[in-house]
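Q: Generate a structure from the sequence data that follows.
(chains A and B, ligands or ions: 5)
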Amino acid sequence: LSSDRLDEDAWEEIEDTLITADVGVTSAAQIVEGLRTKVKVLGSRTPDEVRGLLRQELIAQINPELDRTVLTGPHGDRPAVVMVVGVNGTGKTTTTGKLARVLVGDGRSVVLGAADTFRAAAADQLETWGGRVGAPVVRKDEGADPASVAFDAVARGIADGADTVIIDTAGRLHTKVGLMDELGKVKRVVEKQSQVDEVLLVLDATTGQNGLRQARVFAEAVNVTGIVLTKLDGTAKGGIIIQVQRELGVPVKLVGLGEGPDDLAPFDPEGFVDAILGSD
Amino acid sequence: MFETLSDRLTSVFSSLRGKGRLSEEDIATTAREIRLALLEADVALPVVREFIAQVKERARGEEVSKALNPAQQVIKIVNEELIEILGGQTREIRFAKNPPTVIMLAGLQGAGKTTLAGKLAKWLADQRNTPLLVAADLQRPNAVTQLQVVGERANVPVFAPEPGNGVGDPVEVARQSVEHARRANHNVVIIDTAGRLGVDAEMMRQAADIRDAVRPDEILFVVDAMIGQDAVNTAQAFLDGVGYDAVALTKLDGDARGGAALSIRHITGRPIMFASTGEKLADFDLFHPDRMASRILDM
Ligand SMILES: Nc1nc2c(ncn2[C@@H]2O[C@H](COP(=O)(O)OP(=O)(O)OP(=O)(O)O)[C@@H](O)[C@H]2O)c(=O)[nH]1
Ligand SMILES: Nc1nc2c(ncn2[C@@H]2O[C@H](COP(=O)(O)OP(=O)(O)OP(=O)(O)O)[C@@H](O)[C@H]2O)c(=O)[nH]1
Ligand SMILES: [K+]
Ligand SMILES: [Mg+2]
Ligand SMILES: [Mg+2]
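A: Ligands and ions are numbered 1, 2, ... in the order given. Now for the predicted structure:
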């Protein structure tokens, strides 16, 4: 690279970095265009300076000012209610367990609701997590109505004076209308007793452009309040969340960094961008 | 939503009326549109590049310049090239000369391995095989229970001598399962393994140890059709870490375009053998390259 002028290859390299992080081809092109304009206005820049500007731009796109608090505190005699939703296999049950672990570690009492009554041994899996982290699990038989499990879990939370109820739901593809309706019903039934404070959409960082479609439909069905980006411990960068946040305005609140109980962390915009740019 | 590639190319060529060679500019525009369509379908960037070079070369040739409808001709070429990479012919399972045939599943966390194990078992049983499912994921909470439930639903026995949840040695379970299958006359063994990341050296080592203990006839790499650009890294990491003979693509019942299929096939040369299309046991089929090509192109 020449120090006073970036050639086309250098610009293409920047775009490629973004595309391979799953930022999306159109988004990547827009970001690069914006950057080129900025560089033109500011006058010639060294590649290092351009890199700095790109970093700034990506951080700005992610908007570090967004409120990323996870609402888990009780109100009055009611526990906070958190619903965990998403497509199949993204890490919902694991995230439910990890989140409970964080809360219990902070001295709060947590009740878990096994509203996945469909997948083989889903409730057993949640029960194992409950045992690990010290949270009782409300469950019913396989095939039971998930809304009624969720209702019972919240009732139990209220009766026990728990601080937080976390409801794990079955994985479902956003394209399945019946299953999305079912999810809406779970939420409405819970709301007969208590407001739902958080609806966390669990997105797998390895997901490509389909992630945006998932987020759109889930947001429509159950008013998602936060994203959990899981499996960031792998090589995937999770760049799709840039489009998701921009389009839906829903912040990424937490990230999953492994399969263990302590592998949940707050989302850190700068660290996320540095990982995309390969400078962490 | 986006127009289809077909719409886009038709508009690119709207000014052309057959005959005459496509100008370099036409070809460049075409290439840009194809690049866009493929990247939106999550085809891996390095694969997109090679693919486009190939298509460009053919687009410069006579078959396009002589075509009455160059747009349709280019689409035809793109489609043919896609099918070519995706593997043309559907590949069948290779059965061992001396049973049991050992099939080992491997892949990222949550890809759909355990579910696929059940589907494959049922599919084989329906063809008068006598499969045995093996619970060699002793890591994920209740993976063993999950496989037992799946086995029950599929009406296929499950070899699960260890409780899992961190207890037991998966290599030993896999080794014993083959002996057990031989004694109990199961002609196929399907080994479900824990999900693992390509970068997890210890877990990749474990997968290789299971492989070495049972010397599978087929190792299937199970991959989620929703995967994005990371397909390249992951497919390569599993190829280097454990190796595989074929690929099973899952969650094709959604609306992911499935560019991963093209990427993995192109980068590894391994054929895609199975398509998983739902959560139920019957939602399973052999992979059809032509259907996948239209899906990627959204046609
Ligand atoms: N490496 C890694 N693995 C994870 C992470 N979160 C979850 N997993 C693993 O991903 C797999 C799926 O996780 P689950 O929690 O069962 O996912 P789910 O969304 O509940 O799945 P369904 O209920 O079947 O839709 C399991 O093997 C988890 O251990 C993470 O942050 N990193
Ligand atoms: N819609 C749909 N869901 C699927 C398909 N295959 C698997 N699933 C679902 O995806 C989730 C994960 O499937 P599993 O079979 O548990 O995945 P796995 O690879 O064994 O996961 P780990 O053992 O945790 O690594 C479950 O909710 C399955 O029901 C499919 O083809 N379509
Ligand atoms: K990562
Ligand atoms: Mg689950
Ligand atoms: Mg499994």
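
Q: can you give me the helices for chain A?
A: Along chain A, counting by DSSP state H, helices occupy A:8-20, A:25-42, A:47-62, A:92-105, A:122-133, A:146-160, A:177-190, A:210-222, A:240-248, A:269-277.

Q: I misspoke; the intended subject was the stretch 101-250 of chain B.
A: Using DSSP state H, counting those that start in this stretch, the helices found in the stretch 101-250 of chain B span residues B:113-126, B:143-154, B:170-183, B:201-214, B:231-241.

Q: Deepest in the core, which of the helices of chain A is it.
A: helix A:92-105 (a mean of 24; mean count of other C-beta atoms under 10 Å in any protein chain shown). For every residue, glycine as well, the C-beta is placed using N, CA and C.

Q: In CSV: the helices of chain A, plus distance to chain B and mean pLDDT.
A: What follows is the helices of chain A, written out as CSV (distance: least, C-beta to the nearest C-beta, whole Å; pLDDT from 0 to 100):
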stretch, distance to chain B, mean pLDDT
helix A:8-20, 5, 93
helix A:25-42, 4, 94
helix A:47-62, 16, 93
helix A:92-105, 8, 98
helix A:122-133, 4, 98
helix A:146-160, 14, 98
helix A:177-190, 10, 98
helix A:210-222, 4, 98
helix A:240-248, 7, 97
helix A:269-277, 11, 97
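
Q: Could you dump those into CSV with distance to B:Gly278 added?
A: Below are the helices of chain A laid out as CSV (distance: least, C-beta to C-beta, whole Å):
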stretch, distance to B:Gly278
helix A:8-20, 30
helix A:25-42, 29
helix A:47-62, 35
helix A:92-105, 18
helix A:122-133, 16
helix A:146-160, 18
helix A:177-190, 11
helix A:210-222, 16
helix A:240-248, 24
helix A:269-277, 33
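
Q: Of all these, which one comes closest to B:Thr145?
A: Taking C-beta to C-beta as the criterion, helix A:122-133 is the member of the helices of chain A that comes nearest to B:Thr145, at 4.9 Å.

Q: What is the burial count for the nearest residue to B:Arg182 once chain neighbours are set aside?
A: Nearest in space to B:Arg182, with sequence neighbours left out and distances taken as C-beta to C-beta, 6 or more residues apart in numbering or on different chains, is B:Pro100 at 6.4 Å. When counting by other C-beta atoms under 10 Å in any protein chain shown, one arrives at 26 neighbours for B:Pro100.

Q: Would you check that B:Ile191 makes contact with B:Arg215?
A: No: the criterion here is C-beta atoms under 8 Å, and B:Ile191 misses it with B:Arg215 at 11.6 Å.

Q: what's near enough to touch the residue nearest to B:Arg182?
A: Going by C-beta atoms under 8 Å, 6 or more residues apart in numbering or on different chains, B:Pro100 touches B:132, B:178, B:181-182, B:186-189.

Q: quick one: which of these is nearest to B:Leu36?
A: Out of the contacts of B:Pro100, the one with the shortest distance to B:Leu36 is B:Val188. That distance is 43.6 Å, counting by C-beta to C-beta.

Q: now the strands for the stretch 51-200 of chain B?
A: Remark: strands of the stretch 51-200 of chain B, listed N- to C-terminal, are B:101-107, B:131-136, B:158-159, B:188-193; assignment by DSSP state E, counting those that start in this stretch.

Q: With adjacent residues omitted, what lies nearest to residue 241?
A: In the absence of a named chain, this looks at chain A. By the measure of C-beta to C-beta, 6+ apart, the closest residue to A:Ile241 outside its immediate chain neighbours is A:Val252, 5.2 Å from it.

Q: Oops, wrong one, chain B.
A: The spatially closest residue to B:Gly241, leaving aside those adjacent along the chain, is B:Met204, at 3.5 Å (C-beta to C-beta, 6+ apart).

Q: From what I see, that neighbour and B:Ala237 are in contact.
A: Yes: look at B:Met204 against B:Ala237 with C-beta under 8 Å: they come within range, at 7.2 Å.

Q: So for these two, which residues contact both of them?
A: Overlap between the neighbourhoods of B:Met204 and B:Ala237 consists of B:Gly198, taking contacts as C-beta under 8 Å, 6+ apart.
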